[in-house]
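[1] Pasting the sequence and the predicted coordinates here, then a few questions.
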Amino acid sequence: MPSEVVIELEHVGKCYRLGEHHGAGTDLRETIARTTGRLRRLPREEVRELWSLRNVSFAVEEGNALGIIGSNGAGKSTLLKVINSITTPTEGTCRTRGRVGSLLEVGTGFHGELTGLENTFLNGAILGMTRHEVRSRLDEIIEFSGLERFMDTPVKRYSSGMYLRLGFAIAAHMEAEILLVDEVLAVGDADFQRRCLGKMNEVEQNGRTVLFVSHNLDAMARLCPTTMWLEKGRVRSIGPTDGVIDAYMRSAGSTSTGVLLDADPTRSAQVVGVSLVDDGGTVQSILSTRDAAWLTVEVVANHPVPGLDISFQVATRSGTGILDELLSDLGPSSISSAGRYIVGCRLPPVLTPGEYVISVWMGTAYEQLEQLDDVVGFTVEGDDLGRARRLIKLTTEWRTARVDDHLVDG
Amino acid sequence: MQLRQFWTHRELIYFFAVRDLKVRYKQAFLGVAWAAIQPLVGAVAFTILFHGLADVDIAGRSYFAFALLGFGVWTYYSTTLQSGTGSLVYNAELLTKVAFPRVVAPSAALLPGLVDLAVAMVLATVIGLASGGGASAVSLVVGLPVGLLMLVIAVAGPVLFLSASLVKYRDASALVTFGLQFLLFVSPVAYPPEFVPAGWRVLLYVNPLAGALGLLRAALVNTPLPSIGSLSLSGAVAVIVLFVGLLHFRRSELEFADII
C-alpha cells in the first residue's frame, strides 16, 4: 500500500526585502516619503531582494524521516518556518497533512514570572494542545524534564538548561503527525541529548514524520534514511543519506581553505578572515598527521572592546567536537584596544586522518560578537596505523617496571 | 473561518489572558486591591473636579456612583486599547517562532481588563444603592449584557486595526496615546450626555463608548436609557469598525513574522 504524502512543497520560494521593513518597524513618515517620491516620479529607493528559498519542491511520505543539511544561510530555517506556517511562501505552495509539531526554539513563550507548571499549560496551549491533553501527559512531561522539584518555581529562576529541558519535554509530548527538529540537540548535556535522540527515534517508529535539521551528521545518518542538501536556497540534491552526506562533505572540503569576510565599520569588532596556516605562514587545506599548524583569525576592532576574547572549535565533519580553545585561557585579553590583529592558536599534530571543520567565536563575557560555524574545512592525511577508531593521537607516556624479581631470583 | 479559530483556540486565548492577569498581580504588594483602589481614587478626583468645581450634576442620583462607573469603563477602554495595540509586538518572539492564529493575541488582550471592570461595576452598584438609587430589573437584564458586548466590540475593532498596524509602523502607539486624550473629552465619562446641547447630542453617540456607557449606567446606577436611535448608531459604528479592523488584520497577518 503506498504511503500517504504528508508534506508536499511545489516550487516554493521565499523572498525577503532588505532595506525595507528591515529589523524594527518602519516609520509612517518613511512610507509617506516613499509614496510621494513615487508620485513625483523620483527614482525608487534601492530595495535589495534576498531569495532565502527558490524553487524548492519535494514530498515526504507518512512515517519517513527526512534530514536537511546545508551551510549556514542555505535556507534550512526558512524552510522549516514555511512548513510550520509561521511565514508564508512568496511563490509556490506548501501543503501539510495533520498537526505540525516543532522542536524549533523550544521554550518560546515561557513567561519568567510564571511557574514551571503554569508555563507548561501556557506553552502547551501555544503549541496547540488542549488543557485536557496537557493534563493527561503532565506526569510524563515532568518526568522527562527531570524537574519534579521545581514545577512550582517561577521559570525566571531556572538555569538555561532547566528552561530548555522543560521546553523540550512539553514539545516532545505533543501528539503531532509531523515533527520538525532544528539543532536542539546541540545544547543540553550528553544525557539529555541521548534522551532527545531516543524520543525522536520513538516518534519515527510510531509512524510519524520527522524533518531533522542538524550539523550533527552522525545523528542524521542514524535517524534519517533520506537527506536533502540545500544550497543558497535551492535543492542541490536529495536522496539516500549516505550519498548526500558524502557529496556534501566533499564539496565543503574542497572549497574552504580560508575565508575573507566583508568589513563592516559600524560594528565594534569583527572577524575578517579565518584560515589554517602552516609553520611557514602558508594557508593550508591539507595537513599531514605529523604537521602542526596554526588556527588563525584576523580581527578588526573599530572600538576598544574590554575583555575581547576568541575561541576556536575544531570538530570532525560529522559534528564531533575535538578542541574548544579560548584565548583567555592564557590570561587577560590582549586584544582589548582598537586595532587590527592576527590571532593564532597552535594546533598540535594530534588529529587522525579525516575531515575537520573549524568554527570561530568572538565575544566578551557579556555578549557574543561573532559565531562562525564550520567556517573553514581541512583534511588530515596520513596513516591511521590501523587504529581507525581513535579520534586523536597523542604521544603518550609509558612506564614499565618489572615486579617479579623474587620469582626470577628464586 | 474566523469564528472557528476563536472556538478552537479559546483555551489559548484564555491562557494568554490568565498569563497577563497573573503577571500583573505577581510581586505586587497590594495585589488585586488595585482593582478597587484605582476606580475609587478616580471617582474621587472626578467628583471634586466636575461635581464640586464645575457643578456637573445628575438629577437626583449619586454623582459619585455615576463617576465611579464611568471611570471603570474608561479605564477598561483605555488600558485595553493600549495593551491590545501592543499585543502582537509584545509577543514578537512567539510570532516569529511558533505557528498559532495571530488573532489570538489581540483577542486575549480584551479580557484581563474585564476583571477590574467587574470590581468597579460592583462598587458603583453598591454605592448607588446605598445612596438611594437602584435600577429596574429590565434595564439590568438588557443593559448589562448588551452594554458589555458593545464596550468589548467598541474596543476590539481599534485593537485589531492598531495592533496589526503597530507591527509595521511603530508610531501607531503614539496615535493611541493622542487619540485617548481626545476621546476622554468627547466621551460622557465624567459628565452625563444631557450635558451636551440636545441638537448636538446625537453626535456624541457616533462614539460607541457613549452607547456602552449609557447602557451600563442605566443598568447599574439607574440613569435614563439613551434613545434606541442613539444606541443603534453607537452599535452600528462599533460593528463597522470591528469589521474594518478584522479586514485590515487579515490582510496584514501573513507578513507579521517577516517584518515584526
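    Ah, there it is. Numbering: from 1, shown residues only, chains lettered A, B, ... in the order given.
[2] how about the helices in the stretch 51-200 of chain B?
    B:63-85, B:87-90, B:92-97, B:104-108, B:112-130, B:137-168, B:172-186 (DSSP state H, counting those that start in this stretch).
[3] what would the ones you listed look like in a markdown table with mean neighbour count, distance to chain A and mean pLDDT?
    Placement of C-beta: from N, CA and C, glycine included. Converted to a markdown table, the helices of the stretch 51-200 of chain B look like this (neighbours: other Cβ atoms under 10 Å in any protein chain shown; distance: least, Cβ to the nearest Cβ, whole Å; pLDDT from 0 to 100):
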| stretch | mean neighbour count | distance to chain A | mean pLDDT |
| --- | --- | --- | --- |
| helix B:63-85 | 24 | 13 | 94 |
| helix B:87-90 | 22 | 8 | 92 |
| helix B:92-97 | 18 | 4 | 87 |
| helix B:104-108 | 24 | 9 | 94 |
| helix B:112-130 | 20 | 14 | 91 |
| helix B:137-168 | 21 | 5 | 92 |
| helix B:172-186 | 14 | 8 | 92 |
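[4] Include distance to residue A:379 when you put the ones you listed into a markdown table, please.
    Compiled in a markdown table, those are given as follows (distance: least, Cβ to Cβ, whole Å):
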| stretch | distance to residue A:379 |
| --- | --- |
| helix B:63-85 | 57 |
| helix B:87-90 | 49 |
| helix B:92-97 | 37 |
| helix B:104-108 | 51 |
| helix B:112-130 | 60 |
| helix B:137-168 | 48 |
| helix B:172-186 | 56 |
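[5] so which of these gets nearest residue A:281?
    With Cβ to Cβ as the measure, helix B:92-97 is the member of the helices of the stretch 51-200 of chain B nearest residue A:281 (44.7 Å).
[6] Now do that closest one: which elements does it pack against?
    With contacts taken as 3 or more Cβ pairs under 8 Å, 6 or more residues apart in numbering or on different chains; DSSP states H and E, helix B:92-97 sits against helix B:256-259.
[7] buried set for the helix it packs on?
    By 16 or more other Cβ atoms under 10 Å in any protein chain shown, the buried positions in helix B:256-259 come out as B:256, B:257, B:258, B:259.
[8] now swap in stretch A:64-84 and tell me
    A:64-71, A:74-84.
[9] Contact partners for the residue of the stretch 251-400 of chain A found nearest chain B?
    Taking Cβ to the nearest Cβ, chain B has its nearest neighbour within the stretch 251-400 of chain A at residue A:368, 17.9 Å off. Contacts here follow Cβ atoms under 8 Å, 6 or more residues apart in numbering or on different chains; on that basis residue A:368 touches A:361, A:362.
[10] about what we covered before: contacts with chain A among the buried residues of helix B:256-259, please.
    B:257, B:258, B:259 (Cβ under 8 Å from any Cβ of the partner chain).
[11] now the residues you listed as JSON lines including distance to residue B:130 and pLDDT?
    Formatted as JSON lines, these follow (distance: Cβ to Cβ, whole Å; pLDDT from 0 to 100):
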{"residue": "B:257", "distance to residue B:130": "53", "pLDDT": "84"}
{"residue": "B:258", "distance to residue B:130": "56", "pLDDT": "84"}
{"residue": "B:259", "distance to residue B:130": "54", "pLDDT": "82"}
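[12] Tabulate those (CSV), appending distance to residue B:100.
    Output for those, formatted as CSV (distance: Cβ to Cβ, whole Å):
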residue, distance to residue B:100
B:257, 11
B:258, 16
B:259, 18
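[13] Which of these sits closest to residue A:276?
    Nearest to residue A:276 out of these is residue B:258 (Cβ to Cβ; 38.0 Å).
[14] which residues does the residue lying closest to that closest one once chain neighbours are set aside contact?
    What sits nearest to residue B:258 in space, not counting adjacent residues and going by Cβ to Cβ, 6 or more residues apart in numbering or on different chains, is residue A:87, at 5.8 Å. Residues near residue A:87 by Cβ under 8 Å, 6+ apart: A:14, A:78, A:81, B:257, B:258.
[15] For the host helix or strand of residue A:219, buried residues please.
    Taking DSSP states H and E as the definition, residue A:219 sits inside helix A:217-223. By 16+ other Cβ under 10 Å, the buried positions in helix A:217-223 come out as A:217, A:219, A:220, A:221, A:223.
[16] could you dump those residues to a markdown table with pLDDT and distance to residue B:195?
    Shown next, in a markdown table, are the buried residues of helix A:217-223 (pLDDT from 0 to 100; distance: Cβ to Cβ, whole Å):
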| residue | pLDDT | distance to residue B:195 |
| --- | --- | --- |
| A:217 | 72 | 76 |
| A:219 | 74 | 73 |
| A:220 | 80 | 73 |
| A:221 | 80 | 78 |
| A:223 | 82 | 73 |
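[17] can you list contacts of the strand or helix carrying residue B:43?
    Using DSSP H and E, residue B:43 maps to helix B:34-46. The contact list for helix B:34-46, computed with Cβ under 8 Å, 6+ apart, reads B:25, B:28, B:30, B:64, B:67-68, B:70-72, B:75, B:115-116, B:119-120, B:123-124, B:190.
[18] Go ahead and confirm residue A:11 touches residue A:90.
    No. Taking contacts as Cβ atoms under 8 Å, residue A:11 lies outside contact range of residue A:90: 10.8 Å.
[19] Compare the two (neighbour count), which wins?
    Under the criterion of other Cβ atoms under 10 Å in any protein chain shown, the comparison of residue A:11 against residue A:90 puts residue A:90 first, with 18 against 12.
[20] show me the contacts for the residue sitting nearest the centre point of chain B.
    The centroid of chain B falls nearest to residue B:77 when counting by Cα atoms, centre = their mean (2.6 Å). For residue B:77, the contacting residues are B:151, B:154, B:155, B:183, B:209, by Cβ under 8 Å, 6+ apart.
[21] again with residue A:276
    Shown in contact with residue A:276 (Cβ under 8 Å, 6+ apart): A:257-258, A:283-285, A:287, A:293-296, A:347, A:358, A:376, A:378.
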